[in-house]
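Asker: give the three-dimensional model of this entry:
(chains A, B, C and D)
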2 protein chains.
Amino acid sequence: MDAATRAQFVESWGSMGGLWGINRSMARIHALLLATREPLSLEDIARELEMSRGNASMSLKELRNWGVIRRVHLTGERKDYYIAEDDIWSMLFRIASERKKREFDPALAALRKALEATPPGNDLVRQRLGELEEILRAVERVLDRFLKDEEASRGMLKFLSAPIPYPGSGKGKKSRG
Amino acid sequence: MDAATRAQFVESWGSMGGLWGINRSMARIHALLLATREPLSLEDIARELEMSRGNASMSLKELRNWGVIRRVHLTGERKDYYIAEDDIWSMLFRIASERKKREFDPALAALRKALEATPPGNDLVRQRLGELEEILRAVERVLDRFLKDEEASRGMLKFLSAPIPYPGSGKGKKSRG
DNA sequence: CCAAACGTTCAGATCATCCTGAACGTTACA
DNA sequence: TGTAACGTTCAGGATGATCTGAACGTTTGG
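Answerer: As a prediction, this is how the structure comes out:
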């Protein structure tokens, strides 16, 4: 494995962290593990990525919470070793689930609280909060359906990206509403 | 309109900024405009939200770039006035489009660049970048289809959140690839 | 031409987030 | 029990995002 290539991969993955909603250190560690066949120890990682052991430790812990890496033990070794979850789809799926839980759900809860806390007579606020709540409720149903089953969602993505039209997607108005 | 209610709405919308991918000041201004029937001037906004005129100016400019507010001119007035785009769906749609453009597209471009820059022989990196590219390509097709037409996407959301099954959504395994 | 009213910009202050590294806890083994 | 190897934590420093406010442009009217 070409070290320069791996380094470049680590850095581009790292700067893509924003898209996944994880920070740079986590993304870089994740990339390194994705690009390496052998399990790596905390020390290997900290040395290779030139980061502190503390940061590596925290980031590895967090990546395990996200479910995108696993800790393994090598017989005869005292150190902990880590490998990446090898299924990319599964990784994306976990990231999506986690982000819904961390970002979407609290926002929807806050919105509902705001709606309850709005006394009658504030028509404009009530109306707009209400519209938003209705839309986000629909979004939530879609997300929940999608995130319920990792296998099924694979098929769903394929279905939705395939060039076959379905109700609501075409130019021609097909009623509905 | 109840000032305390409006203030609370502004603050909850403001703290929801993260979900929309816009910052706190932008979200607060947007909320204030959503909760007010009359057009407001830059000065009105800066006073009401206790922020600097500079910040208000920059945030208003940015909100206009996102297409979620509009500048209007009142006859006989020198000041600029602002109102919120009144259709919530339209607002969410614009936000979604903008975020795809700002976050997703550059990440996919970076991924493709990384893939090209990976010399043959780096099998693991190539394979994993390739899998990811394939998935994101499918995601992109879905997003493009969804974001192509504001009206159609309304129907699509309804369709997807309705309790009718379609291929790939059920428990039963239907082949596999 | 000048002055007032208004909008915009951006250097530096403020604030939040992330990272480092020393201190500490735990385990294995003599 | 002592000590070496290792992992974890967290106070404080570094970095990056956001906000302020003074300086500067532009427009309007005298």
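
Asker: quick check: phi and psi on the residue in chain A that DNA strand C sits nearest to?
Answerer: Nearest residue of chain A to DNA strand C (Cβ to the nearest atom of the strand) works out as A:G54 at 2.0 Å. Heads up, the C-betas are built off the backbone N, CA and C, glycines and all. A:G54 adopts backbone torsions of phi -60, psi -50, taken as degrees, to the nearest 10.

Asker: pull the contacting residues for it.
Answerer: If you count contacts by Cβ atoms under 8 Å, 6 or more residues apart in numbering or on different chains, A:G54 has none.

Asker: from B:E43, how far off is it?
Answerer: Using Cβ to Cβ, to the nearest Å, A:G54 is found at 49 Å from B:E43.

Asker: before we move on, what about A:L33?
Answerer: 54 Å.

Asker: give me the more crowded residue out of the two.
Answerer: A direct count of neighbours by other Cβ atoms under 10 Å in any protein chain shown for A:L33 and B:E43 places A:L33 higher, at 24 against 12.

Asker: quick one, strands of chain A?
Answerer: A:40-41, A:69-72, A:81-84 (DSSP state E).

Asker: could you export those strands to CSV, including columns for distance to DNA strand C?
Answerer: Conversion of those to CSV gives the following (distance: least, Cβ to the nearest atom of the strand, whole Å):
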stretch, distance to DNA strand C
strand A:40-41, 14
strand A:69-72, 14
strand A:81-84, 15
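
Asker: flag every buried residue along stretch A:44-60.
Answerer: Residues A:D44, A:I45, A:A46, A:E48, A:L49, A:M51, A:N55, A:A56, A:S59, A:L60 are the ones in stretch A:44-60 that count as buried (16 or more other Cβ atoms under 10 Å in any protein chain shown).

Asker: what distance do you get for the nearest residue in space to the fifth one that is not next to it in sequence to A:L60?
Answerer: Of all residues not flanking A:L49 in the chain, A:R28 sits nearest, at 5.4 Å (Cβ to Cβ, 6 or more residues apart in numbering or on different chains). Distance from A:R28 to A:L60, counting by Cβ to Cβ: 12 Å.

Asker: and for A:S97?
Answerer: 20 Å.

Asker: so for A:L143, what's the pLDDT?
Answerer: pLDDT for A:L143: 93.

Asker: surely it and A:E103 touch.
Answerer: No: applying Cβ atoms under 8 Å as the test, A:L143 and A:E103 come out as separate, 11.2 Å apart.

Asker: what is the lowest-mean-pLDDT helix or strand in chain A packed up against?
Answerer: The weakest-scoring helix or strand in chain A, judged by mean pLDDT, DSSP states H and E, is helix A:17-20 (a mean of 84). With contacts taken as 3 or more Cβ pairs under 8 Å, 6 or more residues apart in numbering or on different chains; DSSP states H and E, helix A:17-20 sits against helix A:24-34.

Asker: tell me the mean pLDDT for the helix it packs on?
Answerer: 96.

Asker: now check that helix, is it near DNA strand D?
Answerer: No: using Cβ under 7 Å from any atom of the strand, helix A:24-34 stays clear of DNA strand D, coming no nearer than 8.6 Å.

Asker: just give me how far stretch A:46-60 sits from the chain centre.
Answerer: Its chain's C-alpha centre and that of stretch A:46-60 lie 21 Å apart, by Cα atoms, centre = their mean, to the nearest Å.

Asker: just the terminal-to-terminal distance for it.
Answerer: 11 Å (Cα to Cα, to the nearest Å).

Asker: report whether it contacts DNA strand D.
Answerer: Yes: judged by Cβ under 7 Å from any atom of the strand, stretch A:46-60 and DNA strand D are in contact via A:R53, A:G54, A:N55, A:S57, A:M58, A:L60.

Asker: rebuild those residues as a markdown table, extending it with pLDDT.
Answerer: As requested, those are exported to a markdown table (pLDDT from 0 to 100):
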| residue | pLDDT |
| --- | --- |
| A:R53 | 97 |
| A:G54 | 98 |
| A:N55 | 98 |
| A:S57 | 98 |
| A:M58 | 98 |
| A:L60 | 98 |
